[in-house]
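J.: Sequence and predicted structure below; questions after.
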There are 2 protein chains.
Amino acid sequence: MRTLKYAILGLLNRRPMTGYDIGKEFNYELSEFWYAKHSQIYPELKRLAKEEFVTYDIEISGDILEKKQYSITEKGQKELLMWLHKDEIIEKTPKDVFRLRMYFSNNLDLESRIHLLESQKMQHKKRLYALQKILEQYPVVPDYNSDRFGDFIILEGAIIRQESLLKWLDKCIDYCKKAQEEK
Amino acid sequence: MRTLKYAILGLLNRRPMTGYDIGKEFNYELSEFWYAKHSQIYPELKRLAKEEFVTYDIEISGDILEKKQYSITEKGQKELLMWLHKDEIIEKTPKDVFRLRMYFSNNLDLESRIHLLESQKMQHKKRLYALQKILEQYPVVPDYNSDRFGDFIILEGAIIRQESLLKWLDKCIDYCKKAQEEK
DNA sequence: TGTAGCATGTAAGCAGTTACATGATTAC
DNA sequence: GTAATCATGTAACTGCTTACATGCTACA
C-alpha cells in the first residue's frame, strides 16, 4: 500500500521540508493516526526522489552542514490527488493489546482487573486533556480550503475517540465493581 | 513483544484447538482487536511447542488426515498469567489511513469529501449493526469468571468505538455541507 | 566547553501479508 | 463427481523497529 509515501507527499504538498522536519511532524497532531521513524523516512525520501515524485535542493546551514530541502513535483501532486480521491473499503479494525488482555481477563481476580482498567483510564484521561488543550487554539472551524481544516477535523476525531475509550473503560470498571459487591 | 504468542496461549487456555481452529477464532469476535493468517499461526505454534508452552496430540480424522490438537501446558499458563497481569503504558494511537486522507482533504473539493465520508459512514454503520446483532445474544452481563465475560466487554467496546466513529463522520459531513451552503 | 537539538544515513531483525504448495473430508 | 471446507505447511516480500554510526550548530 505504501501509505508512508502518501503521508510524505501530503506533508511536502503543504511546504518544502527536510527529512528531519517530516520526522518532527510525525510527533505532533499527525501522530494521532500516522508516524514513522527517521530510519524509515530517509530511505522513502530517497525512493520518492528516484521515482520523481519529489526533488531536493541542498542547503548549507552554518559552515558545513548539508540539509536536503525536499519539495513535491507536479508528478507527485498528481499522484497524491489520485490517492486522496480513492474510495476504499474500510480497513480491518486496528489491533489492540489492551483489549486482547481484557478478552482473557476472566483469568484475573477482580482487584487486578480494576487496577489495570484504572491505570489505562488515568493515562487516557491525560491524553484527552492534552488534545482538548490543543483544540482550544481553534476558536472557529478553519476555512475548508486551508491546511488547518484537516488539522482541526482530525483533532476532533481524536478527542471523540478518546472520550469513547474512557466511556468503555468506565463501563468495564463498573461491571467489575458490581461483581465485587455481589461476592 | 510477541503478542501473537499470548493471543494463542489465551485461546488454548480456553480449550484445546488445532491451528486451523485458532485461525477461525481470529475471524469472529476476536477479530475486533486481533487476528493472524494461518501462515503466521503455524510457525508460531511450532515455536511455542519448542518452548514448551504448548503440547500437541496428533489425531486422525477420517482415514489419513492428521490433525494437531494443541493444548496449553502448565508453563504456558504461568506465562499467560504473567502477561495478563502486566500493567503497561498505553500504546501509540493506531495508524488510520482514512484519517490520514482526511488530514490532507483540503486538496479535495467539497463534493468529493462528502462522497468519501458518506461511503465510510455507510460501511461503518453496517459493521455497527452486525455488532449489535451479536450483542443481542447476551441478555445479561455474563459471570465475571467465564470466558463469556471477556467476549461481552470487548463486544461492548467495539460497539462504543463504532458509534463514536460514526459521530465523528457525521460531524465532518456537517462541516462540509455547511461550507457548501456558504459558497 | 558542554549539551540539547539539528541532520542524515545504514544494518539487522521482527511482524505480518501474499503467494506458493499440497492433500483429505464432508455433504450434496 | 465436485465443491466447500478442513488441514498444514513454506518462501518471498513489505513495513516497521531497534540499534549502529557519524557529525554539525546554537546557545548557555
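T.: That came through, no problem.
J.: Verify the contact between A:D151 and A:E32 for me.
T.: No. Counting by C-beta atoms under 8 Å, A:E32 is not a contact partner of A:D151; they are 10.2 Å apart. No exception for glycine: its C-beta is placed from N, CA and C like everyone else's.
J.: These two: which is more packed in?
T.: Counted by other C-beta atoms under 10 Å in any protein chain shown, A:D151 and A:E32 do not tie: A:E32 has more neighbours, with 24 against 19.
J.: Can you tell me the element the closest residue to the more buried one other than its chain neighbours falls in?
T.: Once flanking residues are discounted, A:E32 sits nearest to A:A158: 4.3 Å by C-beta to C-beta, 6 or more residues apart in numbering or on different chains. Element membership for A:A158, per DSSP states H and E: helix A:147-182.
J.: Tell me which stretches of chain A form helices.
T.: Here chain A has its helices, by DSSP state H, at A:3-14, A:19-25, A:38-50, A:74-85, A:97-103, A:110-135, A:147-182.
J.: Format these as CSV; extra columns: mean pLDDT.
T.: Shown next, in CSV, are the helices of chain A (pLDDT from 0 to 100):
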stretch, mean pLDDT
helix A:3-14, 98
helix A:19-25, 98
helix A:38-50, 98
helix A:74-85, 98
helix A:97-103, 98
helix A:110-135, 98
helix A:147-182, 98
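J.: Relative to B:K68, which of those helices is closest?
T.: B:K68 lies closest, by C-beta to C-beta, to one member of those: helix A:97-103, at 23.6 Å.
J.: neighbours around the spatially closest residue to A:L81 that is not a sequence neighbour, how many?
T.: Leaving out its chain neighbours, the residue that sits closest to A:L81 by C-beta to C-beta, 6+ apart is B:N107, at 6.3 Å. Residues lying near B:N107 (other C-beta under 10 Å) number 19.
J.: I'd say B:N107 and A:L80 touch.
T.: Yes. Contact criterion C-beta under 8 Å: B:N107 and A:L80 qualify, at 7.1 Å.
J.: any common contacting residues for these two?
T.: A:N13 (C-beta atoms under 8 Å, 6 or more residues apart in numbering or on different chains).
J.: quick one, phi psi at A:R2?
T.: phi 50, psi 50 (degrees, to the nearest 10).
J.: residues touching it, list them.
T.: Neighbour list for A:R2: empty [criterion: C-beta under 8 Å, 6+ apart].
J.: mind checking how far it is from DNA strand D?
T.: According to C-beta to the nearest atom of the strand, to the nearest Å, A:R2 stands 4 Å off from DNA strand D.
J.: Then A:Q120?
T.: Taking C-beta to the nearest atom of the strand, one finds A:Q120 at 20 Å from DNA strand D.
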